[in-house]
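Engineer: need a structure here:
(2 chains)
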Amino acid sequence: GAGVSQSPRYKVAKRGQDVALRCDPISGHVSLFWYQQALGQGPEFLTYFQNEAQLDKSGLPSDRFFAERPEGSVSTLKIQRTQQEDSAVYLCASSSQEQETQYFGPGTRLLVL
Amino acid sequence: DAKTTQPPSMDCAEGRAANLPCNHSTISGNEYVYWYRQIHSQGPQYIIHGLKNNETNEMASLIITEDRKSSTLILPHATLRDTAVYYCIVNPNYGQNFVFGPGTRLSVLP
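Structural biologist: So this is what the prediction gives:
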C-alpha cells in the first residue's frame, strides 16, 4: 500500500522567505510526527499530532515554526522568515492507533540561502 | 538525550552476518527496543522491534539480553544494499516521539 509521502522533496528558499512543507500520512493513521534532521545527525523531534490535535510541540525550535493538521490527515509544517540554520531534512512519520511503529516519509530537504 | 549507545561505525563483508550491538542499560519495563535504518537521502526505514523476547522477520533478527540492558540486530546475509546508518531506539509503545542517537554507520564491503 501507499506509504507516507512528502512534498516538495527539495526546496531552496532565500533567507527571510516563508515555506510550507506537506505530509500525507498512511491512510487511517491517527498519529503524525515531524522531525528535523541536520546533516550527519539523527532525526530530532519537532511536534506530534493525534488526529487533528497537536499534543506536543515541545521540539519546535522557535515561534517561526508552525504545524497544523486541520482534518486529522494531511499535515503542513510552515516555517516563517527562514534562516540559514533552518537548512535540514524535515521528516514526517505516521503510526496507527493499534501499532505504534512509526513509518517515515522520504523527507523534504530544505536549503536556505 | 538518547537512551541508547551504539558504536559509530562497523564494517561487514558481503554475504556474512552483520551483528550490530546496542546498549540501553536504563531501559524501563514498558519500553520497547526499535531498530530503524536510513539509507542515504531516504527516510528512516523500520526494521524490527521487541520487548523482551527475541524477534525475527524477513529483514533481520533481534536478540535482547535477559536483563534487557542490551540488544543485537542481526542481518543474516548482508548485501551491499544494507549499507546504511542503523538506529537503535527505546520507546514506550504508546505514541511517544522517538529519540534518535547518532546510530551505527554500517558499511558492507564487496
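
Engineer: Stretch A:85-103: which residues count as buried?
Structural biologist: Residues of stretch A:85-103 classed as buried: A:86-95, A:100, A:102-103 (neighbour count, 16 or more other C-beta atoms under 10 Å in any protein chain shown). For every residue, glycine as well, the C-beta is placed using N, CA and C.

Engineer: Setting aside sequence neighbours, what's the nearest residue to the residue of chain A found nearest chain B?
Structural biologist: Nearest residue of chain A to chain B, counting by C-beta to the nearest C-beta: A:G42, 3.2 Å away. Among residues not flanking A:G42 along the chain, B:F100 sits closest, at 3.2 Å (C-beta to C-beta, 6 or more residues apart in numbering or on different chains).

Engineer: element containing the residue of chain A closest to chain B?
Structural biologist: Under DSSP states H and E, no helix or strand contains A:G42.

Engineer: tell me the contacts of B:I74?
Structural biologist: Residues in contact with B:I74 (C-beta atoms under 8 Å, 6 or more residues apart in numbering or on different chains) are B:A17, B:A18, B:N19, B:L20, B:A60, B:S61, B:L62, B:I63.

Engineer: avg pLDDT for the helix or strand where the third one lies?
Structural biologist: Per DSSP H and E, B:N19 falls inside strand B:18-23. Per-residue pLDDT values across strand B:18-23 average out to 98.

Engineer: re earlier: pretty sure the residue nearest to A:G42 sits against B:D1.
Structural biologist: No. Counting by C-beta atoms under 8 Å, B:F100 does not reach B:D1; the two are 10.7 Å apart.

Engineer: re earlier: can the contacts of B:I74 go into TSV with extra columns for distance to chain A?
Structural biologist: Below are the contacts of B:I74 laid out as TSV (distance: C-beta to the nearest C-beta, whole Å):
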residue	distance to chain A
B:A17	24
B:A18	19
B:N19	21
B:L20	15
B:A60	14
B:S61	17
B:L62	13
B:I63	19
